[in-house]
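Could you work out the structure for the sequence below:
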Amino acid sequence: DATPVIAYMATASSLTDRDTYPTLSRPVVHGAVWMERTVQALIAMGWTRIAIIYLNDAWGRETFGDATSAANAAGLSIVVSSDFNFGDRSSMVNAISKVASSGARITLCLHYAEIATI
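Presented below is the predicted three-dimensional model:
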């Protein structure tokens, strides 16, 4: 089926595979580009060490991988990372506590809008 698909919020880097998703287009950049730009912005602001909290689902793990790759390539140090589970307040508290005890001053939190209601 050659039905065009426009995925306006699809940022997963895995969706760039044209053999698997030949008709997919999206008006947003994929996660790897987004993370490269985020890392460049952090470095431009003089930050060299960050913490990352990310959602423990397919999107969060992939975006965390993109962030880690971008940070490593640019020489940005991730001093601590921690994941949390959607809808699980205690896992979010644990992730935040881990980051807080690390002494990191900048935290990149990888989640999507629904998390704001937890």
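
The residue nearest the centre of the chain and residue 90: what is the separation?
Residue closest to the mean C-alpha point of the chain, counted by CA atoms, centre = their mean, is residue 63 at 3.4 Å. Between residue 63 and residue 90 the computed distance is 22 Å (CB to CB, to the nearest Å). Placement of C-beta: from N, CA and C, glycine included.

Can you mark which positions in stretch 63-82 are buried?
63-64, 66-71, 76, 78, 80-82 (16 or more other CB atoms under 10 Å).

do the same with stretch 11-21
11, 12, 13, 15.

roughly how far apart are the third one and residue 2?
From residue 13 across to residue 2, the span is 24 Å (CB to CB).

Next, work out how far apart residue 80 and residue 99 are.
For residue 80, the distance to residue 99 (CB to CB) stands at 6 Å.

so what's in contact with the two at the same time?
Residues touching both residue 80 and residue 99 (CB atoms under 8 Å, 6 or more residues apart in numbering): residue 51.

So which residues of this protein form strands?
Shown for the chain, the strands assigned by DSSP state E span residues 5-6, 24-25, 49-55, 77-84, 107-110.
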